[in-house]
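Trainee: What follows is a protein structure lacking sequence information:
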């Protein structure tokens, strides 16, 4: 009897504690499961703040939240929630803050939340939401905080963000955004804090946006950290004895890095030699053409010369012999490890690239004088100059064309 009474008192105490703290119920220290959510369904009805953490939470467990009419704050961190699960949140009209971190959520899922007009904060981190899905932002007239990182966001998505005039704080990571889209954010006139990771944006554009938003505190942060992926890529494609599975995983990694840095010549080079080992010669040549074009823009003459050399081989035997003797994949790997992925873009902003292209158009070519770059680098581009030819016209007689000759010349097409 004492044990039962004691047990009853303990349960009553637990109930009182839960009831008093249910207004702000945040369980972020333990991993949730669908079963735990179902078991606590009755207790969760009055919850106002909830953090669901762990892959054991799926759409099945999220259905419990349909009855949480008082929920004001919800964080979904590293869950297995998909678009179907977001459908269970569409009637939570009291929701003020929603965070989705690392989930397989797409545009079709996020668009279901258009009725959450009271939303004041939204975080979309490592999701599959793209530009089209960001149209949902126009349905949140009270949105003050927005974070979008690790999503495929381009110009259209940034334009949607720029139309949210109520924004006060913005945290945005978009590796393929250029100056013009970046400057469109100046329409967010209420912005007071702006953190961004946009390696293609020039310092001139950053200064210009600061002038347009003088009351906004701007700072850069690093959301994309490709160093680990570069090491994984190099360890999987460089060297002999790699299996097809290794090469396929390395190809996926190269594509992920190219989504962050789409113009990086060494990444295109890595992709090219992965395709060579997989036997995809056509794709191998296409990637080498990207190496040639992008290396020319960045002024990386060694990679440009490497690409041109391997594009010049007219037989598979000569290509195979060059691969065995020169090991260009090792050269590409060393280039990735030494120069990195982020640095070339920060050192060569868009304005700088255009300037270098303009300078490259003025380079004179000399087919007779070559000067090799110093060092043991086998892939060095010679410095060409135009031959200086002097023609003496002093002893040339004057020739006056006849009328018949002029008439014949008029018949020749101008672009002949």
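Mentor: Good, I have the coordinates. These numbers were taken from a predicted model, which means no experiment stands behind them. Residues are numbered from 1 along each chain as shown.
Trainee: list the buried ones in the helix or strand residue 319 falls within?
Mentor: Using DSSP states H and E, residue 319 sits within helix 316-326. Burial within helix 316-326, assessed by neighbour count using 16 or more other C-beta atoms under 10 Å, is assigned to 319, 323. Heads up, the C-betas are built off the backbone N, CA and C, glycines and all.
Trainee: can you check stretch 182-194 too?
Mentor: In stretch 182-194, counting by 16+ other C-beta under 10 Å, buried: 182, 183, 184, 185, 186, 187, 188, 191, 194.
Trainee: From these, pick the one nearest residue 203.
Mentor: residue 182 (11.4 Å; C-beta to C-beta).
Trainee: Find the residue closest to the closest one in space, skipping its chain neighbours.
Mentor: With sequence-adjacent residues excluded and distances taken as C-beta to C-beta, 6 or more residues apart in numbering, residue 182 is closest to residue 201, at 4.7 Å.
Trainee: One more: residue 145?
Mentor: Here the residue nearest residue 145, using C-beta to C-beta, 6+ apart, is residue 121, at 4.0 Å.
Trainee: confidence score at the one you found?
Mentor: Looking at residue 121, its pLDDT is 95.
Trainee: Residue 364 now?
Mentor: 47.
Trainee: repeat for residue 345
Mentor: With respect to pLDDT, residue 345 scores 43.
Trainee: cool, residue 245 as well?
Mentor: We have a pLDDT of 82 for residue 245.
Trainee: tell me the SS of it?
Mentor: helix (DSSP: H, G, I helix; E, B strand; the rest coil).
Trainee: Report how many residues lie close to it.
Mentor: 9 (other C-beta atoms under 10 Å).
Trainee: same deal with the one 5 residues further on?
Mentor: Using other C-beta under 10 Å, residue 250 has 24 neighbouring residues.
Trainee: Are there helices or strands packed against the helix or strand where it lies, and which ones?
Mentor: Using DSSP H and E, residue 250 falls within helix 244-260. If contacts are counted by 3 or more C-beta pairs under 8 Å, 6 or more residues apart in numbering; DSSP states H and E, helix 244-260 sits against helix 227-237, helix 265-278.
Trainee: Report the inter-axis angle for it versus helix 265-278.
Mentor: 160 degrees (axes from the mean of the first three to the mean of the last three C-alpha atoms, to 10 degrees).
Trainee: Other residues contacting helix 244-260?
Mentor: With contacts defined as C-beta atoms under 8 Å, 6 or more residues apart in numbering, helix 244-260 is touched by 152, 175-176, 224, 226, 229-230, 232-233, 236-237, 242, 264, 267-268, 270-271, 274-275, 277-278, 341.
Trainee: of those residues, buried ones?
Mentor: 175-176, 224, 226, 229-230, 233, 236-237, 242, 264, 267-268, 270-271, 274-275, 277, 341.
Trainee: picking that back up, what's the following helix or strand after the helix holding residue 319?
Mentor: Next along from helix 316-326, by DSSP H and E: helix 328-339.
Trainee: what angle separates that following helix from helix 265-278?
Mentor: Using the same axes, to 10 degrees: helix 328-339 against helix 265-278 is 150 degrees.
Trainee: chain center to helix 328-339, what's the gap?
Mentor: 22 Å (C-alpha atoms, centre = their mean, to the nearest Å).
Trainee: surely residue 122 meets residue 147?
Mentor: Yes: contact criterion C-beta atoms under 8 Å: residue 122 and residue 147 qualify, at 7.4 Å.
Trainee: So which of the two has more stuff around it?
Mentor: A side-by-side neighbour count of residue 122 and residue 147, using other C-beta under 10 Å, places residue 122 first with 22 against 18.
Trainee: which residue packs closest to the residue positioned nearest the centre of the chain, ignoring adjacent ones?
Mentor: The centre of the chain sits closest to residue 260, judged by C-alpha atoms, centre = their mean, with a distance of 3.3 Å. Once flanking residues are discounted, residue 260 sits nearest to residue 175: 4.5 Å by C-beta to C-beta, 6+ apart.
Trainee: Which of the three states applies to the one you found?
Mentor: Here residue 175 is recorded as coil under three-state DSSP.
Trainee: which residues touch it?
Mentor: Residue 175 neighbours (C-beta under 8 Å, 6+ apart): 197, 198, 199, 200, 224, 259, 260, 261.
Trainee: Of these, keep whichever come out buried.
Mentor: Once neighbours are counted (16+ other C-beta under 10 Å), the buried part of these comes down to 197, 198, 199, 200, 224, 260, 261.
Trainee: Which ones among those residues map onto helices?
Mentor: Of the buried ones among the contacts of residue 175, the ones assigned to helices by DSSP state H are residue 260.
Trainee: Make a markdown table out of the buried ones among the contacts of residue 175 and add distance to residue 301 and pLDDT.
Mentor: Output for the buried ones among the contacts of residue 175, formatted as a markdown table (distance: C-beta to C-beta, whole Å; pLDDT from 0 to 100):
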| residue | distance to residue 301 | pLDDT |
| --- | --- | --- |
| 197 | 30 | 90 |
| 198 | 28 | 88 |
| 199 | 23 | 80 |
| 200 | 22 | 80 |
| 224 | 27 | 78 |
| 260 | 24 | 78 |
| 261 | 20 | 80 |
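Trainee: Of the buried ones among the contacts of residue 175, which is the nearest to residue 157?
Mentor: Among the buried ones among the contacts of residue 175, and counting by C-beta to C-beta, the member closest to residue 157 is residue 198, at 12.4 Å.
Trainee: ok, that closest one touching residue 171?
Mentor: No: taking contacts as C-beta under 8 Å, residue 198 lies outside contact range of residue 171: 11.8 Å.
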